[in-house]
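Trainee: Pasted the sequence and its predicted model underneath.
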Amino acid sequence: MLKVLIVDDKPVVCSGLRRMIPWTQLGAELIGECSNGQEALESALEHRPGLIITDIRMPVMNGLELCKRLHEQLPDTAIIILSAFHDFSYAQTAIRYGVTDYVLKPIDKPKIEQLIHKIAQVAQSCQIRELYYRLLYDANLKEQWAAGIKRGDMSMIQEQFESMFTEYPMVTYDVIKDICSKLLAIWLEASREAGLPWGHAGLSQEQAWRQLVTANSKEDMRECVRQWFHGVTEWVHERKNKRSEVVVECLKNIIRQKYQDPALTIYSIASELKLSPNYISVIFRQWTGENISTYLTRLRMEHSRHLLKDPAASIQEVAKHVGYVDPHYFTKVFKKNEGLTPSQYRNLALHPGSASV
């Protein structure tokens, strides 16, 4: 909740603002009203409001001096100045002290709408700062991001960047740029820990920083973030594909070397590679278009056909040689795949002219 302090020596102005602005709807809380700058400074140092709405011409300490003191002692406090036309030059001077904006008196309905918009903007800026600073100072954030990058899952990082633009549309450019730069610094550190070279993603770290620094609007910054994710995500996918390709080749080699072993299964292969059965099943099918069991059976059938051409080898010996303990089961699998029993296949192979199968 944004804490707001009103400072004006005219009670009618204070009461009018109190009544006409929907504080709660804006995510704000009016914590007090002061009639001069000195009183406001003391109250601000005690309660630390996120926003002060102040007049310029007041007794004891004017608004200009108040802005200067606040800039020195509470630099994160936003300030909106209420200024009569002939005080406008003072308002311009106050800009140097970090004044957020100014509203010209008298305060009529359009000016109230203007104030409501500015208060909502400051409230969102405070919310996003609080949320993201809590995130930025989370000791586990970098490790979580690095783990996500290693898995190839960029969704959490992307969501935390994108929410700045989608959930806080009224937040100012400066606030977004400040948070975005801090998130980028953590992302780069997490990327290094994960072994992700940005240069290989088509974008160096220096280029990423340069794009952010030269972004002239929130939309420019959002486009920067999109470009970063596009390049890095492409690299992550490429790395995952290369790893998957290596795993598939390992699977094929194991099957080719051990197809004669009756105990060869998806589970034994997964255990040998120290990967999960589900993982190797999924990537094998993605890369080859067939299941591991189908590939194993096809390989066994290829060798069976070759062995059956030797009349000295019995069906039982052929079955055992290609990994089937039970010759009857071997016969069943062979006929299902070849359309012939092993004996029929042998007969055709040895006597091509024979019509009988």
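Mentor: Ah, there it is. Residues are numbered from 1 along each chain as shown.
Trainee: Is it correct that Leu2 is in contact with Ile119?
Mentor: Yes. Counting by CB atoms under 8 Å, Ile119 is a contact partner of Leu2 at 7.5 Å. C-beta coordinates here come from the backbone N, C-alpha and C atoms, glycine included.
Trainee: Wait, Val225 touches Ser163, no?
Mentor: No. At 11.1 Å, Val225 does not count as touching Ser163 under the criterion of CB under 8 Å.
Trainee: Comparing these two, which residue is more hemmed in?
Mentor: Val225 (23 against 13; other CB atoms under 10 Å).
Trainee: now for the helix or strand where the more buried one lies, which elements pack on it?
Mentor: Element membership for Val225, per DSSP states H and E: helix 218-258. If you count contacts as 3 or more CB pairs under 8 Å, 6 or more residues apart in numbering; DSSP states H and E, helix 218-258 packs onto helix 155-166, helix 173-193, helix 205-214, helix 266-273, helix 277-288, helix 292-307.
Trainee: now the angle from the fifth one to helix 218-258?
Mentor: Read it as helix 277-288. 100 degrees (axes from the mean of the first three to the mean of the last three CA atoms, to 10 degrees).
Trainee: Also the last one?
Mentor: Taking the same axes, to 10 degrees, helix 292-307 and helix 218-258 form an angle of 30 degrees between their directions.
Trainee: ok, now the shortest one?
Mentor: Relative orientation of helix 266-273 with respect to helix 218-258: 110 degrees, computed using the same axes, to 10 degrees.
Trainee: what is the mean pLDDT for helix 266-273?
Mentor: For helix 266-273, the mean per-residue pLDDT is 91.
Trainee: got the buried residues for that helix?
Mentor: Buried positions in helix 266-273, judged by neighbour count with 16 or more other CB atoms under 10 Å: 266, 269-270.
Trainee: would you list every one of the strands in the stretch 1-150 of the chain?
Mentor: 2-7, 28-34, 51-55, 78-83, 101-104 (DSSP state E, counting those that start in this stretch).
Trainee: Can you tell me what sits against the longest one?
Mentor: Counting by CB atoms under 8 Å, 6 or more residues apart in numbering, the neighbours of strand 28-34 from elsewhere in the structure are 1-8, 14, 18, 23, 40, 43, 47, 49, 51, 119, 123.
Trainee: Now with 7 Å, please.
Mentor: 1-7, 14, 18, 23, 40, 43, 47, 49, 119, 123 (CB atoms under 7 Å, 6 or more residues apart in numbering).
Trainee: do the third one as well
Mentor: The contact list for strand 51-55 (CB under 7 Å, 6+ apart) reads 2, 4-9, 17, 40, 44, 63, 66, 70, 77-82, 119, 122.
Trainee: If we use 6 Å, what do you get?
Mentor: Outside of strand 51-55, the residues within contact range by CB atoms under 6 Å, 6 or more residues apart in numbering are 2, 4-8, 63, 66, 78-80, 82, 122.
Trainee: got any ranges where the stretch 201-350 of the chain has weak pLDDT?
Mentor: Residue ranges of the stretch 201-350 of the chain with pLDDT under 70: 201-203, 235-240.
Trainee: Over to the stretch 51-200 of the chain?
Mentor: 85-92, 152, 196-200.
Trainee: if you set the cut-off to 90 instead, what comes out?
Mentor: Where the stretch 51-200 of the chain drops to pLDDT under 90, the residues are 55-57, 62-64, 71, 75-76, 81-111, 114, 121-200.
Trainee: And for Asp261, the neighbour number?
Mentor: Count around Asp261 with other CB under 10 Å applied: 11.
Trainee: which one is it nearest to, not counting chain neighbours?
Mentor: Residue nearest to Asp261 in three dimensions, not counting chain neighbours: Gly323, with 6.0 Å by CB to CB, 6 or more residues apart in numbering.
Trainee: Buried ones among the contacts of strand 28-34?
Mentor: Buried among those by 16+ other CB under 10 Å: 2-7, 14, 23, 40, 43, 49, 119, 123.
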